[in-house]
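Peer 1: Quick check, what structure comes out for this input:
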Amino acid sequence: MIKYRQKILPNGLTIMVNRDSASKLAAVNILYMVGARNEDEDKTGFAHLFEHLMFRGTHNVPEFDVPVQMACGETNAFTNNDYINFYITLPKENLATALWLESDRMQNLNISEEACSTEKQVVIEEFKQRYLNQPYGDELMLLRSLAYKCHPYRWATIGISPEHIERATLDDVRTFYKLHYRPSRAILAISADMPEEEMLDMATTYFAHIDDSGATIAPIEQEPKQTEPRRLEVVREVPATDITIAFHMGDRLSHDFFLGDLASDILAGGESSRLVNRLIKERALFSSVNAYITGSLDAGLFVIKGRMMPSTSESEAEAALWGELNELSKGNISEYEMEKVKNKFEANTAFGELNVMNKAMNLCFYQMTGDISLLNSETEIYRSLKIEEVADFAQRTFRRENSSTLVYRAK
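Peer 2: Alright, predicted model coming up:
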């Protein structure tokens, strides 16, 4: 269990603190509630661009990494469709340095022509290398655009096209920064062996004065219910054909999230899972298999996929994947499988809580979801799930009219 204190400043910043008496390090995590889902359709990739720009420096600190290293710390970040996350770990005696740096780049980021041009080129090159010029690089992008027709989840974090970043103006970038990188759009978490009140006071000192002016955030258009199957077949220069099937499912706060997560682990949670044993080891239909949920804030996807062996026909591969889904729909799940998956989740949760940075990240993430109680209650939820609930989820979710199938065919 992660114990915490919370404080919301008048400017809207949410502060979460946790005293970790077992760690000599302090973890500072700041989550901005802006991801690819907050971009305009003709200006995508901006959230990812800012992951780079935020390390370029401010008017006060030309190179962000230098004072972090001088304080014996490490820093990094990641971006996804729902949010962007920045984190620093350093000795607790240097906590003030991390708070000062984060407060500084929340308000004083140096968005110059030179900085913007440099990072735009970095992002464009990353787009080309990782998504356009790499085997299977555009596979997930194609799946997203097939499964979603209205919601901004239809494009990946990197964006729709490198042209969007290439043509972004300085005003575009500055407007995006002012709109999203402000106190009311952020959650700050600290985990360290310090009195909670002291951490709250320090955070207040560095962030309370920051202005929160900015436009209202536009509502996100939600995806309508899918009523007929979708299919896309493409041919690429790849060594083997992939078959991927995606199904719409509930959002992060729905009960279906937990059922879908458990179902995906039954199918593909390790070397002893169903898909590995049945479709790789026993039937030799695929060289690799997977099943996962996207875990999105808004309604997400349940995805099942396999990379075919040369001797496997596409119809045989697709039928095999549907066969495994149908087994779940029939409730053909053993108590042993259920217990194994639940034990795995509980163990991962327990080990994760030993890490000071994981605690800070989790505080931010669960606060962002809108239900902070999940921070300490998810293990109980997983423990309570029953076989008949998983079967019901499968029956409601794994329907042909709710499916989007991508055949990524080897040339």
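
Peer 1: Can you tell me what sits against the one helix or strand Val173 maps to?
Peer 2: Using DSSP states H and E, Val173 sits in helix 170-180. For helix 170-180, the surrounding residues in contact (C-beta atoms under 8 Å, 6 or more residues apart in numbering) are 32-34, 38, 43, 46, 49-50, 53, 109, 111, 113, 116, 213-215, 217. C-beta: built from backbone N, CA, C; applies to glycine.

Peer 1: Over to stretch 276-295?
Peer 2: 153, 240, 249, 252, 257, 260-261, 263-264, 267-268, 270, 275, 300-309, 311-312, 316-317, 320-321, 324.

Peer 1: cool, stretch 61-79 as well?
Peer 2: If you take C-beta under 8 Å, 6+ apart as the criterion, stretch 61-79 is touched by 35-36, 47-48, 50-51, 54-58, 84-91, 94, 97-98, 101, 104-105, 110, 157.

Peer 1: Now a ChimeraX select for only the buried ones of those.
Peer 2: Here is the ChimeraX command that picks out the buried ones among those, judged by 16 or more other C-beta atoms under 10 Å:
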select :35,36,47,48,50,51,54,55,56,57,58,84,85,86,87,88,89,90,94,97,98,101,104,105,110,157
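
Peer 1: thinking again about what came up before, next one: the helix holding Val173 to chain centre, how far?
Peer 2: Helix 170-180 has its C-alpha centroid displaced from the chain centroid by 23 Å (C-alpha atoms, centre = their mean, to the nearest Å).

Peer 1: After it, which helix or strand is next?
Peer 2: strand 186-192.

Peer 1: Listing partners with orientation, what would you give for that following strand?
Peer 2: strand 14-19 (parallel), strand 25-32 (antiparallel) (DSSP bridges).

Peer 1: For it, C-alpha coordinates in PDB please.
Peer 2: Output of strand 186-192 as PDB, limited to C-alpha atoms (Å, rounded to 0.1, in the frame of the first residue of the first chain):
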ATOM      1  CA  ALA A 186      -0.200  19.000 -14.200                       C
ATOM      2  CA  ILE A 187       0.200  16.600 -11.300                       C
ATOM      3  CA  LEU A 188       3.400  16.600  -9.300                       C
ATOM      4  CA  ALA A 189       4.400  13.700  -7.100                       C
ATOM      5  CA  ILE A 190       7.300  13.300  -4.700                       C
ATOM      6  CA  SER A 191       8.500  10.200  -2.900                       C
ATOM      7  CA  ALA A 192      11.400  10.500  -0.400                       C
END
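
Peer 1: and that strand, what's its mean pLDDT?
Peer 2: Mean per-residue pLDDT for strand 186-192: 98.

Peer 1: If I take it and helix 170-180, what angle do their directions form?
Peer 2: With axes from the mean of the first three to the mean of the last three C-alpha atoms, to 10 degrees as the basis, strand 186-192 and helix 170-180 are set at 60 degrees to each other.

Peer 1: Identify the residues contacting strand 186-192?
Peer 2: 13-20, 23, 25-33, 92, 95, 99, 102, 106, 199, 203, 207, 356-357, 359-361, 363-364, 367-368.

Peer 1: what's the average pLDDT for stretch 343-362?
Peer 2: The average pLDDT within stretch 343-362 is 93.

Peer 1: Tell me the span between the first and last residue of it.
Peer 2: 20 Å (C-alpha to C-alpha, to the nearest Å).

Peer 1: which residues are in contact with it?
Peer 2: The contact list for stretch 343-362 (C-beta under 8 Å, 6+ apart) reads 1-2, 16, 18, 20, 22-23, 25-29, 31, 85, 87, 89, 189-192, 262, 265, 269-270, 375, 378-379, 382-383.

Peer 1: mind redoing it with 7 Å?
Peer 2: 2, 18, 20, 23, 25, 27-29, 85, 87, 89, 189-191, 265, 269, 375, 379, 382 (C-beta atoms under 7 Å, 6 or more residues apart in numbering).
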